[in-house]
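Chemist: structural data only, the sequence is not supplied:
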């Protein structure tokens with residue numbers, strides 16, 4: 001079964017529908033590539049997916065191992081390269097709430113950031129810079 005159905009209404013914009021939930025997503029080309037930049041660009045979504053995947057898998061591990069990450073937040077920075085135009089680097093800065101994480105819990109978190117499904121799916125030429133802050 002398909003995951004999504006998408007259309008191109010024009011103007012360097014796409015509209016996608018997640019078939020299981022009906023949720024809609026719109027993308028625009030970025031302003032530095034002839035677009036309006038009014039929505040996430042496709043490459044923004046790739047970069048954002050990396051951070052979201054990490055925190056989702058960390059959330060599963062937290063649930064399994066009995067620790068909390070509620071209140072965690074993160075910033076994602078996408079760095080583009082030219083010739084060819086592509087994502088050169090994704091920087092993910094994770095901030096975890098003050099929970100006095102054990103060394104083992106920190107090792108689990110750090111392992112997941114390098115081994116979540118999106119991290120493992122990205123081309124090895126894309127540099128993944130991960131910064132973790134335990135507040």
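Modeler: It's in. Since we're looking at a predicted model, the values are computed, not measured. Numbers count the residues shown, from 1 in each chain.

Chemist: check which element follows the longest strand along the chain along the chain.
Modeler: Taking DSSP state E as the criterion, the chain has its longest strand at strand 86-96. Following strand 86-96 in sequence order, the next helix or strand is helix 103-115 (DSSP states H and E).

Chemist: residues making contact with that next one?
Modeler: 54, 57-58, 61, 65, 67, 92, 94, 96, 101, 119, 128, 130, 132, 134 (C-beta atoms under 8 Å, 6 or more residues apart in numbering). Glycine gets a C-beta too; all of them are placed from N, C-alpha and C.

Chemist: need the residues that contact the next helix or strand after that helix.
Modeler: Counting by DSSP H and E, the element after helix 103-115 in chain order, helix or strand, is helix 117-121. Under the criterion C-beta under 8 Å, 6+ apart, residues 49, 50, 52, 53, 54, 57, 113, 128 lie in contact with helix 117-121.

Chemist: now swap in stretch 78-94 and tell me
Modeler: The contact list for stretch 78-94 (C-beta under 8 Å, 6+ apart) reads 32-33, 43-44, 46-47, 50-51, 54-55, 72-77, 109, 113, 122, 125-133.

Chemist: mean confidence score for that stretch?
Modeler: Here stretch 78-94 scores 97 as its mean pLDDT.

Chemist: same check, this time on stretch 115-135
Modeler: 97.

Chemist: tell me the buried residues in it?
Modeler: 116, 118, 119, 122, 126, 128, 130, 132 (16 or more other C-beta atoms under 10 Å).

Chemist: tabulate those residues (TSV), appending distance to residue 15.
Modeler: TSV is the format used below for those (distance: C-beta to C-beta, whole Å):
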residue	distance to residue 15
116	27
118	23
119	28
122	25
126	26
128	29
130	32
132	35
